[in-house]
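any chance you can model this:
(2 chains, ligands or ions: 2)
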Amino acid sequence: MSAVNIENVTKRFGQMVAVADVSFEVKPGEFVTLLGPSGCGKTTLLRIIAGFLRPSEGTVRIGGAVVNDMPAHLRNVGLVFQSYALFPHLVVRDNVAFGLRMRGVRRREIDRRVGEMLDLVQLGDRALYLPSQLSGGQQQRVALARALVTQPTVLLLDEPFSALDRKIGELLRAELKRVQRRLSISTILVTHAQDEALMLSDRVAVMNLGRIEQVGTPERLYERPRSRFVAEFLGRSNLVRIVQSGRDVRIAGPVEGEGVPMPGTSGIAIVRPENVRLYPPDSELRADRYGGTIEDVQYLGHARIVRVRLDAGVAIEAIALSGSDWKPDAASRVTIEIPSGSFHVIGEPTLSGASELDPSPR
Amino acid sequence: MKDGTLESPEIDSKRPWLLLVPSASLYVFTFAVPLIVLVAASFEKTTGGVTVSSFSTDNYQSFFADGVALRAVLHTLYLSFAIATCCLLFGYPVAMTMRRSGGRMRLLLLFFVVSPLLTSVIVRNVAWILVLGREGLINVAWRGLGLTTEPLRLMYNDLGVVIGVVHVYLAFVVLPVFASLMAIDPAVEESAASLGATRVRVFWHVTLPLSMPGVIAGFTLVFVLCVGLYLTPVVMGGNFVVTISMIIGDLVRTQFDMGRASAFAVMVLLIVAGLLWLSRQFGQRYGVGT
Ligand SMILES: Nc1ncnc2c1ncn2[C@@H]1O[C@H](COP(=O)(O)OP(=O)(O)OP(=O)(O)O)[C@@H](O)[C@H]1O
Ligand SMILES: [Mg+2]
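Numbering: from 1, shown residues only, chains lettered A, B, ... in the order given. Ligands and ions are numbered 1, 2, ... in the order given. Just a heads-up that it's a prediction; the model follows:
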């Protein structure tokens, strides 16, 4: 039995299709992230699960039971909004106790469980503060405690980190993961931040235009993206037209426009920048090496993103870790190496360029 | 630039009070001066138009000695409370509907709520007579249906005054309550629902407490406005409803007793001040102002 099971769910607002035929499941204790750009329907899907929107089509199951017609207050889901939506008129303790009060839990039991939960999120000493007297990070932890204290079947989080500054956000992510593991609670997180998704999730569902493009473990999505959209949404990637003969893969040219005719089967592939190696310009030229000119260098601190324009016309991004003796300079010549195994084929080239990539699995 | 505030060089920031001169002088001549005159007059004792003493508390003593004034004050407060409560009971659901509905419906409701304010008191009251009077719309219909032979007494009593005033002052509750409701993040109510609260409990534990600033503001506004009720009780209450303003009016127009009228008026002012203080105490409990 899965904690949440979504089957062919579609949601229309008038003519607009916000969620299109989405299916996925969350196993007990699993952490699943819905990842996608703004407006792709993540929040809509989450609100359907929480019971604030009705699906136009499809079935939603929570804990094995169909909940399509069940009002939100009976669904036993824990919800954390981006704005946290704490009760501004209640102190932290009463915020957390709210769900237990609604369930008619005995007074002493409430005090005990609220105390435990506040300790778990390290806010035991803030029990009598009003939300307005807390920092953003503390408010978020109260929201988490409030959602978890009722032991929901599933925890739903809508961009809970986006209102926090980066440093605090990172701390709280680790905190969320710790609490989630500790209680082994099934969780669905909605976000447009790919690093968040990769870091926290057991599985990620990448959404685009109301559809799920691909579901899988973070490693699988990063290393074997099924479509150009997934590849480009998760981390940096170079998209190139390739020719393949036997086990050898070579860059044939840019994806857009005509490729140089070459023997072998052609296709479209991605290469992650970390798999591109940089060598001095006078290095020995081999089949998997290409000459080019550095166009641009972005300094990130721990590394530099180096954009190289190959003589074949393709722009390739590579990562040069800081700390080595060699420092890439714009406009200087360089040799790059891409081993055949670093290409991940995602589709066939079409006449109209790369916009019609085949998203089917291979 | 001082303390990080932006200052526009074009504006002469040394004399900002200059802009307040017109409104401040208006305020002095229409409020401060009359108030001083009023207070001074309230301590003046006159007999047959001649000032006997310029400092006497006789006028104030007569307020308490004369049961008529005290009874009128109590009745005015009772009416004000009834009217403010009715405004709240009828206005709150209207404000909730306005919050939930879309732009068009919201405008329409707003129009209905505000329109009585744009109509003259006399026109409004005469219209009510046509509806509530002995030969008014309701009574005629009632008799036509054969439900009663006795006419319903819908006006020339407290009920008539309450109906006539609630009709206008509804707006003064609806608008602040609506503003308070609009300030509530719907996610807060949704959180409550997903924590297991039924719709009624969401309202009771979340929506209502969070809209209290509007409720208190609206209730206070209507209550305080009602303490000065004059015209509507005269028209809709006949001689059966006596408010303190009617007593004061009578002192001025038929008894020419400016001293007592002023003293009674000062008492009304003190009562209003007391009401505002009470409202503030309530407001602070719900975090309104500081
Ligand atoms: N109540 C509604 N009525 C009409 N259209 C809506 C409604 N709610 C959402 N939409 C539309 O559905 C689409 C998906 O919205 P949704 O809020 O689910 O996006 P999202 O993926 O959460 O985006 P974001 O990352 O910006 O929050 C959007 O195009 C939005 O305009
Ligand atoms: Mg969203």
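
so which elements touch the lengthiest helix in chain A?
Ordering each helix of chain A by length in residues (DSSP state H) puts helix A:166-183 first. On a contact count with 3 or more C-beta pairs under 8 Å, 6 or more residues apart in numbering or on different chains; DSSP states H and E, helix A:166-183 meets helix A:136-148, helix A:194-200. (C-beta placed from N, C-alpha, C; glycine too.)

strands along the stretch 1-150 of chain B, start to end?
B:45-47, B:50-53 (DSSP state E, counting those that start in this stretch).

residue numbers of the stretch 151-290 of chain B in contact with chain A?
The stretch 151-290 of chain B comes close to chain A at residues B:185, B:187-188, B:190-198, B:201, B:205-206, B:209-210, B:286-287, as judged by C-beta under 8 Å from any C-beta of the partner chain.

swap the cut-off to 6 Å and go again
B:185, B:187, B:188, B:190, B:191, B:193, B:194, B:195, B:196, B:197, B:198, B:209 (C-beta under 6 Å from any C-beta of the partner chain).

can you give me the strands in the stretch 101-250 of chain A?
Remark: strands assigned in the stretch 101-250 of chain A by DSSP E, counting those that start in this stretch are A:154-158, A:186-191, A:203-208, A:211-216, A:238-245, A:248-253.

hmm, back to that, nearest to ligand 1, out of the strands of the stretch 1-150 of chain B?
strand B:45-47 (70.6 Å; C-beta to the nearest ligand atom).

ok so, going back, buried only: go through the residues of the stretch 151-290 of chain B next to chain A for me.
Among those, the ones that count as buried by 16 or more other C-beta atoms under 10 Å in any protein chain shown are B:187, B:188, B:190, B:191, B:193, B:194, B:195, B:196, B:197, B:209.

how about the helices and strands packed on helix A:166-183 in CSV, adding distance to chain B and mean pLDDT?
Below are these laid out as CSV (distance: least, C-beta to the nearest C-beta, whole Å; pLDDT from 0 to 100):
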stretch, distance to chain B, mean pLDDT
helix A:136-148, 7, 93
helix A:194-200, 20, 92
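
nearest to residue B:53, out of the ones you listed?
Between residue B:53 and the helices and strands packed on helix A:166-183, the tightest spacing by C-beta to C-beta is seen for helix A:136-148, at 65.5 Å.

between helix A:166-183 and that closest one, find me the angle.
Calculated by axes from the mean of the first three to the mean of the last three C-alpha atoms, to 10 degrees, helix A:136-148 forms an angle of 20 degrees with helix A:166-183.

quick one: stretch A:102-114 near chain B?
Yes - judged by C-beta under 6 Å from any C-beta, stretch A:102-114 comes into contact with chain B at A:102, A:103.

send me that stretch as PDB with only the CA atoms.
C-alpha atoms of stretch A:102-114 as PDB (Å, rounded to 0.1, in the frame of the first residue of the first chain):
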ATOM      1  CA  MET A 102      -9.400  19.600  16.600                       C
ATOM      2  CA  ARG A 103      -9.000  15.900  17.100                       C
ATOM      3  CA  GLY A 104     -10.200  16.100  20.700                       C
ATOM      4  CA  VAL A 105      -7.000  14.800  22.200                       C
ATOM      5  CA  ARG A 106      -6.800  15.000  26.000                       C
ATOM      6  CA  ARG A 107      -5.100  18.000  27.500                       C
ATOM      7  CA  ARG A 108      -2.200  16.200  29.100                       C
ATOM      8  CA  GLU A 109      -1.600  14.200  25.900                       C
ATOM      9  CA  ILE A 110      -1.500  17.400  23.900                       C
ATOM     10  CA  ASP A 111       1.000  19.000  26.300                       C
ATOM     11  CA  ARG A 112       3.200  16.000  26.000                       C
ATOM     12  CA  ARG A 113       3.200  15.600  22.300                       C
ATOM     13  CA  VAL A 114       3.500  19.400  21.600                       C
END
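
how far off centre is that stretch?
Relative to the chain's own centre, stretch A:102-114 is displaced by 36 Å; criterion: C-alpha atoms, centre = their mean, to the nearest Å.

quick one: average pLDDT of that stretch?
Average pLDDT, stretch A:102-114: 95.

before we move on, what about stretch B:220-229?
For stretch B:220-229, the mean per-residue pLDDT is 93.

now do it: everything it contacts.
B:80, B:83, B:84, B:87, B:169, B:172, B:243, B:245, B:272, B:275, B:279 (C-beta atoms under 6 Å, 6 or more residues apart in numbering or on different chains).

run the last query once more with 8 Å
Contacts with stretch B:220-229, where a contact means C-beta atoms under 8 Å, 6 or more residues apart in numbering or on different chains, come from B:76-77, B:79-81, B:83-84, B:87, B:161, B:165, B:169, B:172-173, B:176, B:243-245, B:268, B:271-272, B:275-276, B:279.

swap in stretch B:264-271?
B:38-39, B:42, B:59-60, B:63, B:69, B:73, B:77, B:227-228, B:244-245, B:247-248, B:251.

switch to 6 Å and redo it
Contacts for stretch B:264-271 (C-beta under 6 Å, 6+ apart): B:42, B:63, B:244, B:248.

ok, the last one touching residue B:262?
What it means is residue B:248. No - between residue B:248 and residue B:262 there is no contact under C-beta atoms under 6 Å: 8.8 Å.

residues from the stretch 1-150 of chain A in reach of ligand 1?
Residues of the stretch 1-150 of chain A lying close to ligand 1 by C-beta under 6 Å from any ligand atom are A:13, A:16, A:18, A:36, A:38, A:39, A:40, A:41, A:42, A:43, A:44.

do you know how far the residue of the stretch 101-250 of chain A found nearest ligand 1 is from residue A:241?
Proximity of the stretch 101-250 of chain A to ligand 1 (C-beta to the nearest ligand atom) peaks at residue A:192, 5.0 Å away. Residue A:192 is 29 Å from residue A:241, where distance means C-beta to C-beta, to the nearest Å.
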